[in-house]
Structures are given as C-alpha cells and as structure tokens.
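**Student:** What follows is a predicted protein model with its sequence.
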Amino acid sequence: MDCYDLTAMTWKEVEESLKTVQFAIIPIGAHEQHGPHMVESCDAVLAEKLAKKLGERMYPYALVTPTVNMGVSPHHLNFPGTISLQPTTLISILKDVISSLKHHGIEKFLFLNSHGGNQSTLNVASMMLTKELDVEIYYAKTTASAKKSIQENVTSPLFGHSCEREVSEALYLAPELVRPESLEKGDINEEGRWKQLRPGKAIQGFYYYEEMTNNGCIGNATKASWEIGKQIVEESLDNLSKELYQLFHLKVEAHS
Ligand SMILES: [Zn+2]
C-alpha cells in the first residue's frame with residue numbers, strides 16, 4: 001500500500017505529492033525506560049509504525065514527517081537510559097517542523113503521540129502554535145481510541161506503560177522491541193503518594209515512576225499477544241482515519 005513517507009522521498013516526489021496532500025502527520029514518541037522487557041525506543045518506534053499505517057489509510061491526503069523520537073519523560077529519569085526533553089524544547093522542535101512544512105504549503109497537522117507524558121505539552125503546543133503560525137493543529141494518542149479492544153483484552157486495573165496493551169502493540173508492529181524471555185508483571189508499590197495522584201483523583205501532581213513501580217512497568221505484560229496488538233492497532237486506525245476523513249472533508253472514493 002502507498003504512503004507519503006517524507007523521509008523516503010525526493011524533493012520532486014514531495015512536489016508531486018503536494019498536489020493532493022491536505023495535512024501532515026507528525027509522529028511523536030519518547031526515549032525512556034520500559035521495564036525489563038522492552039527497549040527504550042519503544043514509544044518512538046510505535047508512533048512511527050502507526051503513523052505510516054495511518055498514512056496508508058489516508059493516502060494520498062497525508063504526508064508522514066520524520067519522527068520526534070524523544071519526549072517529555074522526567075518521571076522516568078531515575079531509570080538508566082531515559083532521555084527527557086523539557087516541554088519548551090519539544091514545543092520548539094514542533095514549531096520548527098510546522099513552520100518548515102508551512103513554507104511548503106501544508107497548513108494542517110496531526111501530532112500522533114504514543115507517550116502519555118507528552119499529552120499536556122502537545123495541548124499547550126497546539127494552542128500556542130495554531131495562533132502563532134496561523135495553522136490548524138490536532139493531536140491524538142496513537143491507540144487510546146481503541147476502547148472496545150482494550151476493554152475486551154486488558155484486565156489490569158493499572159495499565160499504560162510496558163503493560164499487556166503496549167507489549168501487544170509492539171508484538172504486532174515491531175516485535176524487535178520486546179524481550180519475550182523477560183516479560184514481567186508490574187511490581188507495584190502498594191503504598192505511596194502516587195496512589196493519591198492518579199487520574200480521576202481530585203488532586204493531581206508530579207511523581208516519579210519508581211514511586212509507583214519497582215521494575216518500571218505496570219499492568220501484566222505476560223498476557224500480551226500479537227492478536228491483541230492487531231485488534232488494538234486496527235481499531236485505532238479505523239477510528240483515527242474515520243475522524244480525519246470527516247474533519248478534513250475528504251472524499252473516501254479517491255482513497256482506492
Ligand atoms: Zn511506552
């Protein structure tokens with residue numbers, strides 16, 4: 001299937017693609033610890049793989065840009081290997097990417113983000129840069145919209161990082177990210193300040209990941225499978241592409 005993948009195109013090919021391209025997909029990940037059974041590039045690789053699959057679904061309307069392969073991860077810094085950008089750095093990178101692409105005529109953008117720690121920064125970036133650069137900016141979590149598949153397959157009360165959901169996505173999209181012989185459940189600290197600060201509580205605040213989990217993951221990665229990953233990823237792609245066709249008033253007929 002076709003996908004306009006900017007990193008693999010010549011300028012002549014880009015020029016030709018711009019006759020139909022309506023928006024750019026900017027994959028955004030992180031470089032952070034993912035427990036004992038996943039490598040640190042996980043979020044960046046998953047964002048990129050998903051962006052290319054979405055680019056295929058949205059062909060010839062979408063152009064997939066290079067991946068922003070580091071993100072806002074200060075909560076993981078006490079595990080070896082994590083690299084964290086400051087929120088202002090991430091916003092600056094996105095500003096430069098968008099203003100460059102606007103120079104080429106693209107005025108609509110989707111941040112396709114795989115890392116929860118980036119979400120609040122992307123919200124701020126979309127507010128700031130929409131006005132500053134006079135463009136349209138949208139953002140989405142890669143697989144958060146796969147509510148049905150997640151509900152059917154994910155049973156852990158606490159999940160979302162190197163858990164059965166994320167490991168399944170990797171087994172489907174990029175199995176080289178996973179160390180199958182090392183799969184572990186999250187080693188959760190049952191006591192701790194983090195419990196009072198989880199989403200849904202009245203008071204929110206920053207806490208370090210090791211306050212919540214000793215081995216750096218949550219959920220139960222031993223339940224992950226290729227099949228679950230396929231369900232979650234494909235449901236997400238269905239939802240994302242459907243909403244993009246509506247949002248940008250695109251004709252589905254031209255897709256095939
Ligand atoms: Zn991750």
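**Tutor:** Yep, that arrived.
**Student:** how about the residues of the protein near the ion?
**Tutor:** Selection of the chain residues close to the ion by CB under 5 Å from the ion yields 42-43. Bear in mind the C-beta positions are built from the backbone N, C-alpha and C, glycine included.
**Student:** Could you rerun that using 8 Å?
**Tutor:** Within the chain, the residues that sit near the ion (CB under 8 Å from the ion) are 29-30, 32, 34, 38, 42-43, 46, 114-116, 161-162, 166.
**Student:** For the chain, list the residue farthest from the centre, please.
**Tutor:** Distance from the C-alpha centroid of the chain peaks at Glu191, with 29.9 Å (CA atoms, centre = their mean).
**Student:** quick one: that residue is in a strand?
**Tutor:** No. Under DSSP: H, G, I helix; E, B strand; the rest coil, Glu191 falls outside any strand and is assigned coil.
**Student:** rewinding a little: out of the residues of the chain next to the ion, which is nearest to Gly71?
**Tutor:** Closest to Gly71 out of the residues of the chain next to the ion is Ala30 (3.6 Å), distances taken as CB to CB.
**Student:** so where's the stretch 151-256 of the chain uncertain?
**Tutor:** 253-256 (pLDDT under 70).
**Student:** Helices of that one, start to end?
**Tutor:** For the stretch 151-256 of the chain, applying DSSP state H, counting those that start in this stretch gives helices covering 164-173, 209-212, 226-247.
**Student:** Kindly report the same for the stretch 1-150 of the chain.
**Tutor:** All helices of the stretch 1-150 of the chain, identified by DSSP H, counting those that start in this stretch, fall at 11-17, 42-57, 87-103, 119-133, 147-153.
**Student:** backbone phi and psi for Ser114, please?
**Tutor:** Main-chain torsions, Ser114, degrees, to the nearest 10: phi -110, psi 0.
**Student:** just checking, it touches Ala51?
**Tutor:** No. Applying CB atoms under 8 Å as the test, Ser114 and Ala51 come out as separate, 9.3 Å apart.
**Student:** give me every residue that touches Met70.
**Tutor:** Met70 is in contact with 29-31, 44, 83-85, counting by CB atoms under 8 Å, 6 or more residues apart in numbering.
**Student:** Compare the residues you listed and tell me which has the most neighbours.
**Tutor:** The member of the contacts of Met70 surrounded by the most neighbours (other CB atoms under 10 Å) is Ala30, with 30 neighbours in all.
**Student:** that older thread, so which of the helices of the stretch 1-150 of the chain is the most surrounded?
**Tutor:** Highest mean neighbour count of the helices of the stretch 1-150 of the chain: helix 42-57, a mean of 23 (counted as mean count of other CB atoms under 10 Å).
**Student:** Let me see the mean pLDDT of that one.
**Tutor:** Averaging pLDDT along helix 42-57 yields 98.
**Student:** quick one: that helix to helix 164-173, angle?
**Tutor:** In terms of direction (axes from the mean of the first three to the mean of the last three CA atoms, to 10 degrees), helix 42-57 departs from helix 164-173 by 60 degrees.
**Student:** list the helices and strands helix 42-57 packs on?
**Tutor:** When contacts are defined as 3 or more CB pairs under 8 Å, 6 or more residues apart in numbering; DSSP states H and E, helix 42-57 sits against strand 4-5, strand 23-28, strand 62-64, strand 108-113, helix 164-173, helix 226-247.
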